[in-house]
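> Here you go, sequence then predicted model.
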Amino acid sequence: MNSPEFSSGAPPLSCHGLVRHFREQGRVLKVLRGVDLSMAPGERVAVVGASGCGKTTFLQLLGGLDTPTRGWVELKGRNLSAMRPGERGAARNRNIGFVYQFHHLLPEFNAVENVAMPLLIRRSPASEAMAAARELLRQAGLGERLDHRPAKLSGGERQRVAVARALITRPSIVLADEPTGNLDPESGEQVFELLLQLNRESSAALVVVTHDLARARRMDRVLALRDGLLAAA
Ligand SMILES: Nc1ncnc2c1ncn2[C@@H]1O[C@H](COP(=O)(O)OP(=O)(O)O)[C@@H](O)[C@H]1O
Ligand SMILES: [Mg+2]
C-alpha cells in the first residue's frame with residue numbers, strides 16, 4: 001500500500017482506550033471500558049471470554065462496523081473511527097476481511113461467484129475475479145464444489161467458502177468471530193486450519209474469537225476479555 005495517507009510504519013490495526021456503552025431502557029451497559037491493542041503485521045491473536053462479555057462488540061469496532069463511545073481504532077495509522085461513513089466503508093473493503101459465525105453467503109450464487117464477489121464489487125475484471133476465486137476454492141479443498149450453491153454445501157464447506165471470500169482481496173487484517181462456532185469438531189478443525197493456512201500465505205494479521213482454548217493457543221497471543229478489559233490470558 002503506497003497510498004500517502006497511510007503510514008507504512010504503523011501497525012496494521014490498533015485500538016486506543018476503546019470504550020463502548022449501550023443505552024438500554026434508561027440503563028447504561030458498559031461493555032468495553034478502555035481496551036488497547038496493537039497488532040503486528042501478520043500477527044495472530046485469539047480473543048477469548050464468556051458469552052456476552054463483548055467479543056462481538058469488540059470485533060465490530062475493530063472492523064469499523066460500529067462506532068466507539070470513546071477511544072478510537074487505527075487502520076495502518078489512520079483513525080478509522082473518525083472517518084466519514086463512505087470513507088470508512090472504502091477503507092474497510094480495501095483492508096479488512098470478515099468471517100462470521102454464520103456464513104452469510106448469497107444463496108442465489110454458486111461458490112465461485114460468492115468468493116469472487118468482493119473483487120467484482122471493486123470492479124476487477126470478471127474473468128480474473130472468477131479465476132482467482134476458483135484457485136482459492138481449490139486451495140480450500142473445494143475444487144469439486146465450485147458450481148454448488150450454498151444450499152448444496154455442508155456447513156463446513158459453506159464456512160470454508162466464507163473464509164475464501166474473506167481472503168480473496170488479500171486483506172491486511174482478517175477478523176473472525178467464532179468462525180467454527182456452528183460446526184461439528186471435524187468440520188470446525190478444517191475451517192480453522194484453512195483460516196490459518198490462508199492467513200500464513202497472505203501474511204494478514206488475524207484476530208479470531210473462539211471458545212476453543214486449544215485452538216486459541218495455536219495463535220501468537222491469547223487475550224481474554226473480562227469486565228470490559230482485555231488482558232493476556
Ligand atoms: N446494539 C446493542 N444494544 C444494546 N446492547 C447490546 C448491543 N450489542 C450488544 N449488546 C450487549 O452487549 C453485551 C456484549 O455483547 P456481545 O459483544 O455480543 O458479546 P459476546 O460476543 O462476547 O457474546 C451483551 O450483554 C449484549 O446484550
Ligand atoms: Mg459474539
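The structure has been received and is ready for your questions. Ligands and ions are numbered 1, 2, ... in the order given.

> What parts of the chain come near ligand 1?
22, 24, 29, 31, 49, 51-57 (Cβ under 6 Å from any ligand atom). Any C-beta I mention is one placed from the backbone N, CA and C, and that applies to glycine too.

> so which of the residues you listed are also by ligand 2?
Restricting the residues of the chain next to ligand 1 to those touching ligand 2 (Cβ under 5 Å from the ion) yields 55-56.

> Which of the residues of the chain next to ligand 1 fall within strands?
Here DSSP state E is the test, and those give 22, 24, 29, 31 as lying in strands.

> So for those, which is the shakiest by pLDDT?
Minimum pLDDT across those is recorded for residue 24, with 89.

> Okay, and the beta partners of that one?
The partner list for residue 24 in beta bridges (DSSP bridges) reads residue 27.

> Work out which residue lies at the spatial centre of the chain.
The residue lying closest to the centre of the chain (Cα atoms, centre = their mean) is residue 175, at 1.9 Å.

> Just give me the neighbour total for the closest residue to ligand 2 within the chain.
Distance from ligand 2 to each residue of the chain (Cβ to the ion) is smallest for residue 56, at 3.2 Å. Neighbourhood size, residue 56 [other Cβ atoms under 10 Å]: 17.

> Check the one 10 residues further on too.
Residues contacting residue 66 under the criterion other Cβ under 10 Å number 16.

> In which helix or strand does the nearest residue to it once chain neighbours are set aside reside?
Spatial nearest neighbour of residue 66, excluding adjacent residues (Cβ to Cβ, 6 or more residues apart in numbering): residue 60 at 4.1 Å. If you go by DSSP states H and E, residue 60 is part of helix 55-62.

> Please pull up the helix or strand immediately following that helix.
Per DSSP H and E, the first helix or strand lying C-terminal to helix 55-62 is strand 70-75.

> average pLDDT across the next helix or strand after that following strand?
Where DSSP H and E defines the elements, the next helix or strand beyond strand 70-75 is strand 78-79. Average pLDDT, strand 78-79: 96.

> So what are the sheet partners of strand 78-79 and their directions?
Each strand paired with strand 78-79, and its direction, by DSSP bridges: strand 70-75 (antiparallel).

> show me where the protein has helices.
Secondary structure of the chain (DSSP state H): helices at 55-62, 85-95, 111-121, 126-139, 155-167, 185-202, 213-216.

> what about the fifth one, distance to the chain center?
Just to be clear, that refers to helix 155-167. 12 Å (Cα atoms, centre = their mean, to the nearest Å).

> circling back to that earlier point, okay, the helices of the chain, which one's buried deepest?
Greatest average neighbour count among these goes to helix 155-167 (a mean of 25), per mean count of other Cβ atoms under 10 Å.

> Can you give me the buried ones in stretch 38-48?
39, 43-48 (16 or more other Cβ atoms under 10 Å).

> Tell me which of those residues fall in strands.
Of the positions in the buried residues of stretch 38-48, 39, 44-48 sit in strands, assigned by DSSP E.

> Any stretches of the chain with poor pLDDT?
Counting by pLDDT under 70, the low-confidence segments of the chain come to 1-8.

> can you do 90?
The model of the chain has pLDDT under 90 over residues 1-9, 24, 81, 90, 93-94, 101-103, 121-123, 182, 199-200, 202-203.

> Okay, and the beta partners of residue 177?
In this entry, residue 177 is beta-bridged to residue 209, by DSSP bridges.

> try residue 231
Beta bridges link residue 231 to residue 224 when assigned by DSSP bridges.

> ok, it touching residue 223?
Yes - with contact defined as Cβ atoms under 8 Å, residue 231 reaches residue 223; the gap is 6.8 Å.
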